[in-house]
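[1] got a sequence here, can you build the structure:
(2 chains)
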Amino acid sequence: MRVRFAPSPTGALHIGGARTALYNWLLAQQAPENRLVLRIEDTDRERSTPENVEQILDALGWLDLNWDEGPIFQSDRADRHREVLAQLLENGHAYRSTATAEDVKAYKQQHGSDRGFRGTPEDTGAVRLRVPDTGATVVGDVIRGDTAFEHVHLDDPVIARADGSVLYNFAVAVDDLDAGITDVVRGEDHLSNSPKQLLVFEALGVEPPRYAHLPLLHGPDGKKLSKRHGAASVQELRDAGYLPEALRNYIALLGWGYDDETTLLSTEQMIEGFRLERVSRNPAVFDEQKLRWMNGRYLRELPLDELTRRLEQFTGRSGIEGAVSIAQDKMQTLADFEPLCAFIFDGPADDAAAFDKVIGEDGGAENLAAARAALAATEPFDHEHVETALRGVVEERGVKPRQVFQPLRVALAGSTVSPGIFETVALLGRDETLRRVDEALAKTTA
RNA sequence: GCCGCCAUCGUCUAGGGGACUAGGACGCCGCCCUCUCACGGCGGAAACCGGGGUUCGAAUCCCCGUGGCGGUACCA
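    Residues are numbered from 1 along each chain as shown, chains lettered A, B, ... in the order given. As a prediction, this is how the structure comes out:
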């Protein structure tokens, strides 16, 4: 089996494209003889650089992937395309015509909808492929079964411009043929174009590949997923702090289920269990909430040093392992780290409302002062002893735990939200903790 | 307009004639845990688009309707 990966030419890989790529990749991994061929479907070489391709792979965490062949650029194959084009012109399967889109429209107006456009050969003009007058072209789809397109409904498609440059539907067929592609897995938006490609194979007298058209991905409003739905490319998702492994897991499930109850699955499980025939036929809605949840699960399972490494790369900070260790359970994406932990490095946030509400309230300052005194005497200054000391304050003053912990939290973080208070205090250390508490206390008397 | 694809909880899905009182997951609601926010645990509400067939029996098969989506470029 030879499958292909034809990423978006812009380099900003759409989530739908990422899923197609993932499925192709899974198929290629399932048997040692299977091959994955990278093909760039673009006539503009400038927009489709190897760097773009690398960016895409990086977003999916597949940088270690070894491509069997490629990338094959459509723009590099112009000579071969012209050669095949000449062959088709020669044997009468194609002809030149100056008919424009308006001419085709007028033709159909005149002949009714049950008769596709058939031009008359001329010396110049665009090249059209001759569609047989009768019969039908059947697209055998692994996911959907057979779909027949009656030839009477098909217009002779233009396969090359007047200047001889070829069009997508022709080029892709020739390239797939030459690359020996056996299985084409792509988005459903290509289904209606399939007969054009099949007709090219037919005209060439060769066996076409098998096809599998994946359902499209929609945004929450049911429309085709696009920029206006927020993050629509895997790079954007990566920038939003999602892990490649979570992305892979989530995307794989958009149109396919491992079994009746498994949601979290490893790449190995995906390779083992993926079946093209079992891919869903209906469009899926991209739901970032579920991705967030799943990302949180993967985040929590990461070893501390690995998560630290990724967060250092993501935030540009260093020496954050301590903060990572006390925040890991509270994050869903890498982007959650900053708002939760920036205070540890940059000092308390300036949230006057939180300050007034918690420290300015009845007994807040007094409880904070008591906590300060207890912490000043805590030795050694670690999680365990800090907790003992602070719980002692609670007991001593006969108040609720939160009446002591919240003022302290606000004094240290400047916010009512932070990692656990004992861990935070222990991490900051005695000097820094007391300094921040004193600063807060000073503000209450001022 | 024409051609085509699709149709199970709000969302992703399991289901391929009796195992369905329709299963799992996210989200939502409630309870528990609890120093905040989370995590975690327990419980709950929530779906077979409509109508005809076929069959002893239909979420599953067929037809029609409706709806959604895609294609219909000298774009890819």
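[2] now stretch A:281-295: buried residues?
    A:Pro283, A:Ala284, A:Phe286, A:Glu288, A:Leu291, A:Arg292, A:Met294, A:Asn295 (16 or more other Cβ atoms under 10 Å). The C-beta positions use only the backbone N, C-alpha and C, and glycine is treated the same way.
[3] swap in stretch A:389-403?
    Those would be A:Ala389, A:Leu390, A:Val393, A:Val394, A:Gln403, for stretch A:389-403 by 16+ other Cβ under 10 Å.
[4] does the second one really touch A:Ile421, like I thought?
    The reference is to A:Leu390. Yes. In this structure, A:Leu390 is within contact of A:Ile421 by Cβ atoms under 8 Å, at 7.2 Å.
[5] just the buried residues of stretch A:281-295: which are in helices?
    A:Glu288, A:Leu291, A:Arg292, A:Met294, A:Asn295 (DSSP state H).
[6] redo these as TSV? Include pLDDT and distance to RNA strand B.
    Formatted as TSV, those follow (pLDDT from 0 to 100; distance: Cβ to the nearest atom of the strand, whole Å):
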residue	pLDDT	distance to RNA strand B
A:Glu288	93	9
A:Leu291	96	8
A:Arg292	96	7
A:Met294	97	7
A:Asn295	97	10
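[7] need the residues touching each of A:Leu390 and A:Ile421.
    Common contact partners of A:Leu390 and A:Ile421 (Cβ atoms under 8 Å, 6 or more residues apart in numbering): A:Phe405, A:Leu408.
[8] circling back to that earlier point, show me the buried residues of stretch A:389-403 that map onto helices.
    A:Ala389, A:Leu390, A:Val393, A:Val394, A:Gln403.
[9] ok, which of those also contact RNA strand B?
    Among those, no residue sits close to RNA strand B (Cβ under 7 Å from any atom of the strand).
[10] out of the residues you listed, which is nearest to A:Ile143?
    A:Leu390 (60.0 Å; Cβ to Cβ).
[11] next one: the closest one from A:Thr424, what distance?
    11 Å (Cβ to Cβ, to the nearest Å).
[12] then A:Pro157?
    66 Å.
[13] and what of A:Trp256?
    On the measure of Cβ to Cβ, A:Trp256 and A:Thr424 end up 43 Å apart.
[14] so where's the stretch 1-150 of chain A uncertain?
    A:8-12, A:42-50, A:52-53, A:55-57, A:59-70 (pLDDT under 70).
[15] get me the contact residues on it for RNA strand B.
    A:9, A:41-43, A:74, A:98-101, A:104, A:108, A:113-114, A:125-126, A:144-145, A:147-150.
[16] try it again at 6 Å.
    A:9, A:41-43, A:74, A:98, A:100-101, A:104, A:113, A:125-126, A:144, A:147, A:149 (Cβ under 6 Å from any atom of the strand).
[17] spell out which two among these are the most distant pair, please.
    Across these (Cβ to Cβ), the longest gap, 37.2 Å, separates A:Thr98 and A:Arg144.
[18] the two - which one has more neighbours?
    Neighbour tally, A:Thr98 and A:Arg144, criterion other Cβ atoms under 10 Å: the higher count belongs to A:Arg144, 16 against 12.
[19] contact partners for A:Gln87?
    A:Leu204.
[20] in three-state terms, label it for me.
    helix (DSSP: H, G, I helix; E, B strand; the rest coil).
[21] so how far is RNA strand B from it?
    19 Å (Cβ to the nearest atom of the strand, to the nearest Å).
[22] save the buried residues of stretch A:389-403 as JSON lines, and put in pLDDT too.
    Formatted as JSON lines, those follow (pLDDT from 0 to 100):
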{"residue": "A:Ala389", "pLDDT": "96"}
{"residue": "A:Leu390", "pLDDT": "96"}
{"residue": "A:Val393", "pLDDT": "95"}
{"residue": "A:Val394", "pLDDT": "95"}
{"residue": "A:Gln403", "pLDDT": "93"}
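[23] what's the closest of the residues you listed to A:Lys227?
    A:Gln403 (48.2 Å).
[24] so that closest one sits against A:Gly363, correct?
    Yes. Counting by Cβ under 8 Å, A:Gly363 is a contact partner of A:Gln403 at 6.4 Å.
[25] gap between the most centrally placed residue in chain A and RNA strand B?
    Residue closest to the average C-alpha location in chain A (Cα atoms, centre = their mean): A:Val234, at 3.1 Å. A:Val234 sits 17 Å away from RNA strand B, going by Cβ to the nearest atom of the strand.
[26] touching, that residue and A:Gly16? I think so.
    No. A:Val234 is beyond contact range of A:Gly16, at 10.3 Å (criterion: Cβ under 8 Å).
[27] most neighbours out of the residues of the stretch 1-150 of chain A next to RNA strand B, which is it?
    That'd be A:Gln74 among these, by other Cβ under 10 Å, with 23 neighbours.
[28] so what's the residue count around A:Glu29?
    For residue A:29 the amino acid is Gln, not Glu. For A:Gln29, using other Cβ under 10 Å, the count is 17.
[29] then A:Gly319?
    9.
[30] specify the local secondary structure of it.
    coil.
[31] go on, the one 10 residues further on?
    Using three-state DSSP, the structure places A:Asp329 in helix.
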